[in-house]
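*Asks:* Model the structure of this input:
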Amino acid sequence: MNNNDMTAYRQQFLNSCEEKLKLSQMIRQCPSSYLTLAANQEIFSQNAAGYTESFANPAYLHQLGFLEAGFLSILYQFFSSSLRDVILERPILVWDKSDLLEAIRTYFKDDDIVRLQKTFDEYGLKTQSIAEETRMRESADLHNPFAKILSVAQPDQLDWMAGYGIPISQTEQEYCRFWFSLPARTLNKIAKHIANAFMHGFISQSRNIAGRNLVRLTYAVGQEALAKETVNELNKHGMQTILLSPSCSGYHEQYLADHHFDQAAYLDERCYSGQTQAYQAAADMYRGQLLNTCGFIRIGSFGKATTPVVPSPHAYRPNTEQAKHYRTQLMNRRNIETSFLKPDTLSFCSVVFPDMNIGTRFDEIFQSFVHINTEDPKPHELIQKALIDLLDTCQSVHLKGFNGNQTELTVQLQLLTDPQEQTNFLNCGGDLNIPHGEIFTTPQLTGTTGLLHVKEVYLKDHFYRDLKLHFADGRVTDYSCENTPNSEYNRQYVFENLLQSTNHVPMGELAIGTNTLAYQTANTYGIYNRLPILLAEKMGPHIAIGDPCFARGEDSPVYNLYGGKEMVARENELTRKRREKPDCYVNFHTDITIPYHEMGLFEGIQKDGTRVTIIQNGRFVPPEAAALNRYLEDM
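*Replies:* From the prediction side, this is the model:
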């Protein structure tokens, strides 16, 4: 490539950044002209179908000959974000980006990346207060932009969807019309079940609502009809709903992978500490709303094929020091959040439904999951109580895979000092995580040793083939996957994305998912590999890496509804030191399921060595759980 070509590409980059700023001003001056679906396709094409040849794509920048392609792609996206800011009427647009644009222009002349990075950091420092205040307003204020959008949502004319300021796909438009076309009784049945499940969470988790009446609700783009009805049902319980930014499927998957670390692109440590201070100030500003918030509801969708996406080797990756500062900032934010929203006082509810991406049998699959998600959990909870009673006689659990699964793992259970009044496992019905079907515990780390292997799994937007985690005394000591032929790259991929750049991640949970009907349905339609973990965790034993489920809420007792025993396994050896070591948490919790067809043996081991078999070759063994096998017979 000659110098003239490079000069032309650099000018195109600058021109495109300037055009985005000009377009932002035009949208601000005449928003009605741009809040249409046609304009949405044009504005956000670089994040969707047009990503391959976008300056937001680090691989494309590298192909054109740009140095520092990863960082430049972040800067370009930084200018692109102005478009969403102005659509959502965010005040951060009052800050002038001309200094940043001039810094890029200078960099293209002298290649001084240090100066460019410094200007980027300075911009972050001077805008972080207004940015954090804006984010807090959108998560704590009843009258935020998303409330306005939902109030005008209707199926006949969908230009209102452009108000989200995110790429809206054709599938999401069809999904929206579908939800609005459902019979009123069906919509009400689902919404009522969600609202009742949320309220029941206070009972099942032994939590006091204490007069609070604000609930945060998020949903997937296209589910507006259900969101509206859920708000109405919550109103009947005396709740007011704060609408959060919805999830969407319109972004290009490669874009999401390449820009995973954008928030860790600052070099100046003051940017991270300043964000923490700004977040604290914003939380103080909305103190009343935060203290009046009693929980969260998340309604999501699934259906896309889980095609493995590997981040471009030219995408931005933070250095060790940046990653450390970023993790510290996340921990500090979490601590601030939990000082207002105490986990042991909140209820929550999560549920997902299939979308059109699931395939041509969408209608059948959708109706199947409506049934699964609204099924009465009580008969299931009685079966789960029987499993808990058996496991409470054991001091450890042994897991062994089959059908190609190499898992060989021993998990140590906590000591029960009063077995008549205490249990190690929580009996989960269909309130917090819909659908029903799970018992779980916090393992003792000491003595928890072995290999966890999963042949294929999709976790938090990242795919892993032949994932292997080795544990010693409850901590991950080695890890690998087979996503690419490059073993070193694969290790780094697991470390950065699954382990979140954290060494010696603890095991935070051992559980058994018991919803065999959901498992049968997934296999009947061949969609198991498209399921989010919320569903997959109900379809076999699983462990979670990271913090225990009761992180930051360990001190509040929780009792099983059936039997009334206190679930005492709420902490482990690390979180037990939380008072003297507030940084004992890793601030994530990721479930990893071994499906029934890969579970050769799940057995409890009593003190005298007696084996109590719960699952063998993918089937439940105890007579009390025989009813669960009726959906597994043809598997």
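
*Asks:* Flag every buried residue along the longest strand seen in the chain.
*Replies:* Counting by DSSP state E, the longest strand found in the chain is strand 444-459. Neighbour-count burial for strand 444-459, with 16 or more other CB atoms under 10 Å as criterion, is recorded at 444-445, 448-450, 452-459. The way it works is simple: take the backbone N, C-alpha and C, and place the C-beta from them, glycine included.

*Asks:* residue ranges of the strands in the stretch 201-350 of the chain, please?
*Replies:* Along the stretch 201-350 of the chain, the stretches classed as strands by DSSP state E, counting those that start in this stretch are 214-218, 240-243, 293-302, 347-354.

*Asks:* Repeat that for the stretch 501-635 of the chain.
*Replies:* Here the stretch 501-635 of the chain has its strands, by DSSP E, counting those that start in this stretch, at 507-513, 541-546, 566-567, 589-593, 599-605, 611-616, 619-620.

*Asks:* Which pLDDT does the model give the closest residue to Lys577 other than its chain neighbours?
*Replies:* Leaving out its chain neighbours, the residue that sits closest to Lys577 by CB to CB, 6 or more residues apart in numbering is Cys584, at 5.5 Å. What the model reports for Cys584 is a pLDDT of 93.

*Asks:* What is the burial count for Cys584?
*Replies:* Neighbourhood size, Cys584 [other CB atoms under 10 Å]: 18.

*Asks:* For Phe340, see how far away it is.
*Replies:* Using CB to CB, to the nearest Å, Cys584 is found at 21 Å from Phe340.

*Asks:* Number of residues surrounding the residue nearest to Thr338 when sequence neighbours are not counted?
*Replies:* Residue nearest to Thr338 in three dimensions, not counting chain neighbours: Arg552, with 4.8 Å by CB to CB, 6+ apart. Under the neighbour criterion other CB under 10 Å, Arg552 is assigned a count of 21.

*Asks:* Now do the domain split for the chain, please.
*Replies:* According to the domain assignment given by automatic domain parsing, the chain is divided into the following structural domains: 3-132, 375-631.

*Asks:* least reliable of those domains going by mean pLDDT?
*Replies:* Taking the mean pLDDT of each of the domains of the chain, the lowest value is held by domain 3-132, a mean of 89.

*Asks:* end to end, how far does that domain reach?
*Replies:* Criterion CA to CA, to the nearest Å; first-to-last residue distance in domain 3-132 is 42 Å.

*Asks:* what does stretch 300-320 give?
*Replies:* 34 Å.

*Asks:* and that stretch, which residues are buried?
*Replies:* Going by neighbour count (16+ other CB under 10 Å), the buried part of stretch 300-320 is 300-303, 306, 309-312, 314-318.

*Asks:* Which of the residues you listed scores worst on pLDDT?
*Replies:* Where pLDDT dips furthest among those: Thr306, at 74.

*Asks:* from memory it sits against Phe463, does it?
*Replies:* Yes - under the contact definition of CB atoms under 8 Å, Thr306 touches Phe463, with a separation of 5.7 Å.

*Asks:* Pull up the overlap in contacts between these two.
*Replies:* The contact sets of Thr306 and Phe463 do not overlap (CB atoms under 8 Å, 6 or more residues apart in numbering).

*Asks:* which SS class is Phe440?
*Replies:* Secondary structure, DSSP: H, G, I helix; E, B strand; the rest coil: Phe440 is strand.

*Asks:* typo on my end, it should be Val114
*Replies:* Following three-state DSSP, we place Val114 in the helix state.

*Asks:* that older thread, tabulate the strands of the stretch 201-350 of the chain (TSV), appending distance to Val397.
*Replies:* Compiled in TSV, the strands of the stretch 201-350 of the chain are given as follows (distance: least, CB to CB, whole Å):
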stretch	distance to Val397
strand 214-218	35
strand 240-243	40
strand 293-302	29
strand 347-354	26
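
*Asks:* looking at these, which is closest to Gln322?
*Replies:* Comparing these by their distance to Gln322 (CB to CB), the top pick is strand 214-218, with 28.8 Å.

*Asks:* helices or strands next to that closest one in the packing?
*Replies:* helix 224-236, strand 240-243, strand 293-302 (3 or more CB pairs under 8 Å, 6 or more residues apart in numbering; DSSP states H and E).

*Asks:* Go ahead and confirm His314 touches His62.
*Replies:* Yes - contact status for His314 versus His62: in contact at 4.3 Å, counting by CB under 8 Å.

*Asks:* could you dump the longest strand of the chain to PDB, C-alpha only?
*Replies:* What follows is strand 444-459 as a C-alpha-only set of coordinates in PDB (Å, rounded to 0.1, in the frame of the first residue of the first chain):
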ATOM      1  CA  GLN A 444     -16.900 -26.200  50.600                       C
ATOM      2  CA  LEU A 445     -13.800 -25.200  48.700                       C
ATOM      3  CA  THR A 446     -11.400 -27.400  50.600                       C
ATOM      4  CA  GLY A 447     -11.500 -30.900  49.200                       C
ATOM      5  CA  THR A 448     -13.300 -29.900  46.000                       C
ATOM      6  CA  THR A 449     -11.100 -31.300  43.300                       C
ATOM      7  CA  GLY A 450     -11.100 -32.700  39.800                       C
ATOM      8  CA  LEU A 451     -12.000 -31.900  36.200                       C
ATOM      9  CA  LEU A 452     -15.200 -30.300  34.800                       C
ATOM     10  CA  HIS A 453     -15.600 -30.900  31.000                       C
ATOM     11  CA  VAL A 454     -18.300 -29.700  28.700                       C
ATOM     12  CA  LYS A 455     -18.200 -30.600  25.000                       C
ATOM     13  CA  GLU A 456     -20.000 -27.500  23.800                       C
ATOM     14  CA  VAL A 457     -21.400 -24.500  25.700                       C
ATOM     15  CA  TYR A 458     -22.400 -20.900  25.100                       C
ATOM     16  CA  LEU A 459     -21.800 -18.700  28.200                       C
END
